[in-house]
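Colleague: Coordinates for the following, if possible.
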Amino acid sequence: MRKPVIVGAPRESDNEINLTPMLDIVFIMLIFFIVAASFIKEVGIDVGRPDAPPVVNPSDSNIQITIGEKNGIWMGRRLIDPRAVRANIERMHAENPDASVVIQPDRRSLNDTLVQVMDASREAGVYDISIAADSDIGGAQ
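Modeller: Got it, this is the predicted structure:
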């Protein structure tokens, strides 16, 4: 037996909505807004800041420690006994609480001396420690 066909009744294949025209419109609107946004200019003025010298010299704000090639520890231009490093760091840190410790070891110095200075700095309460490297990488000796 054949199934009767009712005139004007939708078929099962006609129940789907065609999304192609809607997607076309969405893509056209997207392209329009992208192109329109490229023509928008922000309003403002360019501000030229005056050049001013720094208020604090960066080398003055750090505690400089140099380790010589024979493991001598220098703070400023003074040779410091390894047992007095902590006390000197505490004194300099008390004068400038924002100061950090910058250690500049010689390439021929022992790592043990570097570690002793770093430990003394931590014992003095300064945990901001930097190790300065020689800018002459592989250069003449």
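Colleague: ok, residues contacting the host helix or strand of residue 64?
Modeller: Taking DSSP states H and E as the definition, one finds residue 64 inside strand 62-67. Residues from elsewhere that reach strand 62-67 (CB atoms under 8 Å, 6 or more residues apart in numbering): 73-76, 85, 89, 92-93, 96, 99-106, 109, 113-114, 117, 126, 130. Every residue, glycine included, has its C-beta placed from N, CA and C.
Colleague: Which of the residues you listed are buried, as a PyMOL select command?
Modeller: Those of those that count as buried under 16 or more other CB atoms under 10 Å are selected in PyMOL with:
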select buried, resi 73+75+85+89+92+93+99+101+102+103+104+105+106+109+113+114+117+126
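Colleague: circling back: list the strands paired with the strand holding residue 64, with their directions.
Modeller: Counting by DSSP bridges, the strands paired with strand 62-67 are strand 73-75 (antiparallel), strand 100-105 (parallel).
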